[in-house]
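Just to be clear, the model below is a prediction. Sequence and coordinates:
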Amino acid sequence: MTEKYRNLLLFLPVYIIFLLIYLVASFIEPTFFTWNNNVNLFTRITPLILVGIAQTFVILTGGIDLSIGATIGLANVVAVSLPFLNTPGNIILWLLVPTLIGLAVGLVNGFIITRGGFPPLIVTLATGVVWQGVSLFILSMPGGKVSRGVALYTTGKLFNFLPVPLLIIIFAIAVFQLVLKRTTFGRSVYAIGGNETVAFESGISCNRTKIWVYGLSGLLASMTGLYLSGWMNSGDPLVGDPYILNSIAIAVIGGTSLAGGTGGVLGILGGAYIWQMLNNILNLMAVSMFYQYIAKGLILIIALAATSSAGEIRIGAIFRKPGMKGVK
Amino acid sequence: MTLEKTTSIKGYRWGFVSRNRMTIFLFLLVIVLFLFGEIISKGFLKYQHIGDILRAASFLGIVAIGQTLVLLTGGIDLSVGPLITLGNVFICILMNGLDANNLWAFAAIILLGLVFGAVSGLGVAYLRISPLVMTLAVGSLVTGITLIYSKGAPKGLASPMLREIGVGYILNSIPIIVVIWLLLSITVIAILNFSVYGRKLIYAGANAKAANLSGMRVPLVKTVAYAISGVSAVLSGVFMAGYTQTAFLGIGNRYTLWSITAVVIGGTSLMGGKGGYLGTIAGAIILVLMESILTLLHIPEAGRRIAEGLIILIMITIYFRKRGRS
Amino acid sequence: MAEQSPSLLLEMRGIVKTFDGTRAVNGVDFSCFRGEIHGLVGENGAGKSTLMKVLAGIHSPDKGKILIDGKECRFADYSEARKAGIGVVYQELSLLPELTVGENIVLGVWPRGSGGLISWRKIRTIMKTVLKDIGVDIDPDILVRSLPMAVRQKVEIGKVLAQEPELIIFDEPTAPLSRDEVAILFEILRDLKRRGKGIIFISHRIDEVLLISDRITVMKDGQVVVTDSVSAFNYHKLISSMVGRKISEIFPTKHGTNTDAKVLLTFDGILRQSGKRIAFSVREGEVTAIGGLQGQGQIELLKSFFGIEGCDRLKLTIGDNPVSIKNPIQAMRHGIAYIPENRNEEGIFLILSVLENLAANTINRHSRMGFIKLKEESSVVQNMIERLSIQISSVQQAAQSLSGGNMQKLVIGKWLIFNPHVIVLDEPTKGVDVATKQQIYMLIRQLADRGVAVILSTSDMLELIGMCDRVLIMNRGTITACLEGDEITEENIMEASVSREDIVAAGAVI
């Protein structure tokens, strides 16, 4: 099978399911289909997309980042707490400082994982708690404020109709798809996840790439924290916690296998949409929000069962054909 | 049989003496921490207070039973926090403050824990889903069910008998809960060291392929481990209800990380196959002592979290230093 | 045509490499000219692979020099060897199945376009050139995982060629190929030769080596026996220079075959990977061996005894009873023991203790009501330790701290405790010291004498000759020869193993 075909198989189902849900939802609840609701969706999807991309990169190398929630929280409280950041003129600083903190945090993760040779699960679990502590130290209760100009740049509309979130989404997916396909870093990520020994023997610097992957994850997480501060107009050290599960779910639903080496960011938009629409639909139908936990848990389990090695064996058997395909 | 000098290959050597050496050290650390507590705050070593510490450690220790077993298989259970909350909330609603419902309420909760644990186990063992995500997903399910059943506002009350178990004492000095923990600990250690299942668990965690080729039903062994984890989690939640009398949403949240921390401190290998519950007992008490001491030192919540994270990193560095690249 | 003296591309002088006290390579001189195909032959363990790994920078030599184009070189790892112009096409391919052909070929050396990003257009150009060189027209966007082995090998060659090496080592390249595919491969080799590359061709297939090589080097026991131009060799001379070792190890007395002996077991099935039928029986008192070059299906055959993959439509009878075996648990219920080749991954619990390892197969037996009878277990284990003279200082000692030989004793010991009726051993003396080997041979003979059906798979020539009463040679997924008694000689074994003739009637040797 060619790569294009495989990519279709990986990424198309998400969008088909997304379209189905979208159409059914619009049918049941007409307000779903309005422009306003869609803008609403964009706004809520943006953080999911950013963390989804972050987690995808990490999972592609065969690792996992459980500290992503804490990094979001850290950037979030920094954004609302440091006094000089909230004057309107300092928007560059406001963007830069928390972002760099997130990058540093991620690099530390990567460093511990590669130098120590420890499982990423435990390391990021532990460092996550540490960053969480730091966040609580900076801001122990939800609070703080963000200058008004900032809110425009996160959730407002440019020229009064173009939603900034939409721009962020398009930009992020485009940039990172490019990184994955056209940069040494991106190709190395796939190679490491595929077989680290082979990657190493091909001259790829595995440790360095992995450190930067975790750095990237921290970077995107901190940007998410910034975004959330602009959107909520306040800070909360624990705001990022739900995003741990969310990021993994969106990466998996978006076509990335937990074993590493396969997947990408093309399915993330569909995955994030499906994930968020659950909330949105429940809301519109006036169903208790509590059901989202059940729905999300079930969807994740189904997605996992379908993409796990046991599931892949069943699905792959359909497509395995003997003979030399493509060789003339 | 000749005596041959054994060489330590690939880092940490899990010979009999070394294994016990670490556990002894941990229990010594417990004593040291108790003494340190006394230095900071007189009265730390009063009977009553030691009892309180051990009681807190019991709640953690009980849920850590399951986490120990699961980590021994080379997996992890992130659904214990939500399951504790489920046990806590449901038992109060089902008991409704009356002793009449004790038996069947208790049985129902245990069954729930068993079922959810088994679901996690089936996904991990038979569908080969990563334990991290599977238990995370099941945890989400459990959270949803708990919220829906309690409608977001848990009602009900622990029965008098449960309350007695939660706050009462035996012989006027030892909390009942601690005795229960002791009995459970003896059972777990007996199972791990002496029972057929316990032995198979170790094999499954040490080398699943070889265990399979030795005629063991590895997926079944793993599933049972997760099922036990589910039960130990809800059990802990039930006992907590005895202590707090009413239920609290989110009561179990911190315990997911704490249970993992206790097991890591105790020396169970993250790759599975090596370790045991005795170390976890020490780990649970150490963790509770650490939290208590930090509180006495007026270190805010933030500092405690940082300490929790750091202690994991320190312990894995001690136990699992990286093997040299070949 | 004016004769130009070809330039010396590679020279290896006095290479010595020692592992664990044995000299895998013991003072070897080897050379290769540009435009030459140099065949390298020898039995398993002759030192060919080690010599090539030294050349490729994977091992550093204890003594000796490597000269490339007259310049002395020292490689710290494969990357450095690659930069010096050396490429290796391994038997186990180093491709990433989830990536495309194109991506695999340029792995690690992605060409950049303007702007610093990877240029897929340039990749396609490279691909076209490389694939044209190897005479293949594969769509570069095909995922490697959907390609059959022969094509994958071509991609692997393409990957090596993309680095533009001067010296290319091919390690057993024709093992997975059909006769037509071999011809195609040889065209590629000849083309590379014409372009002035140096090629080292390692193979067990004597007739192919004679066909393609310009010079041939024969290695035996870590040393070079002879290096000469191909015209100096013929088939028999080549084989006889590879063999001819004195059996210095002591094997227990063989009993030979006895056609009146009771048939303990019959096997009749179709090997899945070759589609060919394999049928044989095992008689009482005989040590039955499955021989042949590695990778001819022996592992799959042995695994099917234990209910793992391997064979379809399998009819197995033990004694007079037909049995059906679908998984290891059923196999054990019928008294079958399986000692896998890959000890560390499949046979032993490295981090567990000696006691736990030895007790692994018989937990239920030494238990009551779900609890282990520790005293009983301990004494059984102690007995086995003494019986096998396993060198330990404590039963609680971790298995991974034992020597290879003692580890193998753990694996065998746990099955002896199990007390099987049938024992299947896959390369039982791999990674084992000489003294332990002899103990294992003794043990195998005792088992056969006691009426256990013994099936042994080994590629070690001496074991086949010294230990086994009956040798079934597997070649390309089927049994091509059955040697008994005096027929078991090095030459016979060698010829049956490397022959390309499909001995049609064979496959059923009851």
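Okay, I see it.

Quick check: which element contains A:Gln292?
helix A:291-307 (DSSP states H and E).

got it, and C:Asp191?
Judged by DSSP H and E, C:Asp191 forms part of helix C:179-194.

Same check on A:Val24?
Here A:Val24 is assigned to helix A:3-28, by DSSP H and E.

tilt between that helix and helix A:291-307?
On the basis of axes from the mean of the first three to the mean of the last three CA atoms, to 10 degrees, helix A:3-28 is oriented at 150 degrees to helix A:291-307.

wait, does the helix holding A:Gln292 contact chain C?
No: shown here: helix A:291-307 not in contact with chain C (CB under 8 Å from any CB of the partner chain), separated by at least 13.2 Å. Bear in mind the C-beta positions are built from the backbone N, C-alpha and C, glycine included.

ok, back up a step: is the helix holding A:Val24 up against chain C anywhere?
Yes: looking at helix A:3-28 against chain C by CB under 8 Å from any CB, the contacts come from A:3-4, A:6.

Please point out which parts of the helix holding A:Gln292 sit buried.
Residues of helix A:291-307 classed as buried by neighbour count (16 or more other CB atoms under 10 Å in any protein chain shown): A:291-297, A:299-301, A:303-307.

quick one: the helices in the stretch 151-300 of chain A?
A:164-182, A:184-194, A:196-201, A:206-232, A:242-253, A:268-284, A:291-307 (DSSP state H, counting those that start in this stretch).

Which one of the residues of helix A:3-28 next to chain C is nearest to chain C?
Within the residues of helix A:3-28 next to chain C, proximity to chain C (CB to the nearest CB) peaks at A:Glu3, which comes in at 4.7 Å.

C:Val424 touches C:Leu302, doesn't it?
Yes: between C:Val424 and C:Leu302 a contact is recorded at 5.2 Å, counting by CB atoms under 8 Å.

which residues do those two both contact?
C:338, C:455, C:457 (CB atoms under 8 Å, 6 or more residues apart in numbering or on different chains).

out of those, which are inside strands?
The strands, defined by DSSP state E, take in C:338, C:455, C:457 from those.

Out of those residues, which is nearest to chain A?
So of those, ranked by how close each gets to chain A (CB to the nearest CB), first place is C:Tyr338, at 23.7 Å.

That closest one: neighbouring residues, count only.
By other CB atoms under 10 Å in any protein chain shown, the residues close to C:Tyr338 number 25.

thought it was touching B:Asn212?
No: using CB under 8 Å, C:Tyr338 makes no contact with B:Asn212, being 11.1 Å away.

what residues are up against residue 155?
Here I'm looking at chain A. A:43, A:163-165, A:227, A:230-231 are the contacts of A:Thr155 under CB under 8 Å, 6+ apart.

um, chain C though
C:93, C:95, C:101, C:104-105, C:138, C:144, C:147.

Of those, keep whichever come out buried.
C:93, C:95, C:101, C:104-105, C:138, C:144, C:147.

Mind checking which of the residues you listed are in helices?
Of these, the ones assigned to helices by DSSP state H are C:101, C:104-105.

So for the helix or strand that C:Val225 is a member of, mean pLDDT?
Following DSSP H and E, one finds C:Val225 within strand C:223-229. For strand C:223-229, the mean per-residue pLDDT is 90.

so when I look at C:Val411, I'm seeing a helix, right?
Yes: according to DSSP: H, G, I helix; E, B strand; the rest coil, C:Val411 belongs to a helix.

List the residue ranges of the chain that fall below the pLDDT cut-off.
All of this is about chain A. When residues are selected by pLDDT under 70, those of chain A lie in A:83-89, A:147-153, A:158-160, A:309-328.

Chain C, not that one
By pLDDT under 70, the low-scoring segments of chain C are C:1-5, C:20-21, C:244-250, C:499-510.

Let's verify the residue most central in space within it: helix, strand, or coil?
With distances taken as CA atoms, centre = their mean, the residue of chain C nearest its centroid is C:Gln294 (4.1 Å). Secondary structure state of C:Gln294, per three-state DSSP, is coil.

With chain B as the reference, measure out to it.
21 Å (CB to the nearest CB, to the nearest Å).

Help me confirm that that residue comes into contact with C:Ser459.
Yes: if you go by CB under 8 Å, C:Gln294 and C:Ser459 touch, sitting 5.4 Å apart.

can you list residues touching both of the two?
Joint contacts of C:Gln294 and C:Ser459 (CB under 8 Å, 6+ apart) are C:Asn44.

if we can go back for a sec, would you format the contacts of A:Thr155 as a markdown table with neighbour count and distance to B:Leu220 included?
Below are the contacts of A:Thr155 laid out as a markdown table (neighbours: other CB atoms under 10 Å in any protein chain shown; distance: CB to CB, whole Å):
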| residue | neighbour count | distance to B:Leu220 |
| --- | --- | --- |
| A:Thr43 | 20 | 47 |
| A:Pro163 | 20 | 53 |
| A:Val164 | 20 | 53 |
| A:Pro165 | 23 | 48 |
| A:Tyr227 | 24 | 46 |
| A:Gly230 | 24 | 51 |
| A:Trp231 | 19 | 48 |
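
Please, which helix or strand holds B:Asn88?
For B:Asn88, the host element (DSSP H and E) is helix B:80-95.

Report the buried residues of that helix.
Buried residues in helix B:80-95 (16+ other CB under 10 Å): B:80-92, B:94-95.

angle of that helix against helix A:291-307?
Using the same axes, to 10 degrees: helix B:80-95 against helix A:291-307 is 130 degrees.

do helix B:80-95 and chain A meet at all?
No: contact of helix B:80-95 with chain A (CB under 8 Å from any CB) is absent, the minimum separation being 8.9 Å.

now that helix: mean pLDDT?
Throughout helix B:80-95, pLDDT has a mean value of 95.

between the following helix or strand past it and helix A:291-307, how big is the angle?
Remark: after helix B:80-95, the chain's next helix or strand is helix B:102-125, criterion DSSP H and E. On the basis of the same axes, to 10 degrees, helix B:102-125 is oriented at 40 degrees to helix A:291-307.

Compute the distance from the centre of helix B:102-125 to the centre of its chain.
16 Å (CA atoms, centre = their mean, to the nearest Å).

elements contacting that helix?
The helices and strands touching helix B:102-125, judged by 3 or more CB pairs under 8 Å, 6 or more residues apart in numbering or on different chains; DSSP states H and E, are helix A:291-307, helix B:80-95, helix B:131-150, helix B:218-244.

and the angle from that helix to helix B:218-244?
140 degrees.

which parts of helix B:102-125 are buried?
For helix B:102-125, a neighbour-count test (16+ other CB under 10 Å) marks B:102, B:105-106, B:109-110, B:112-114, B:116-125 as buried.
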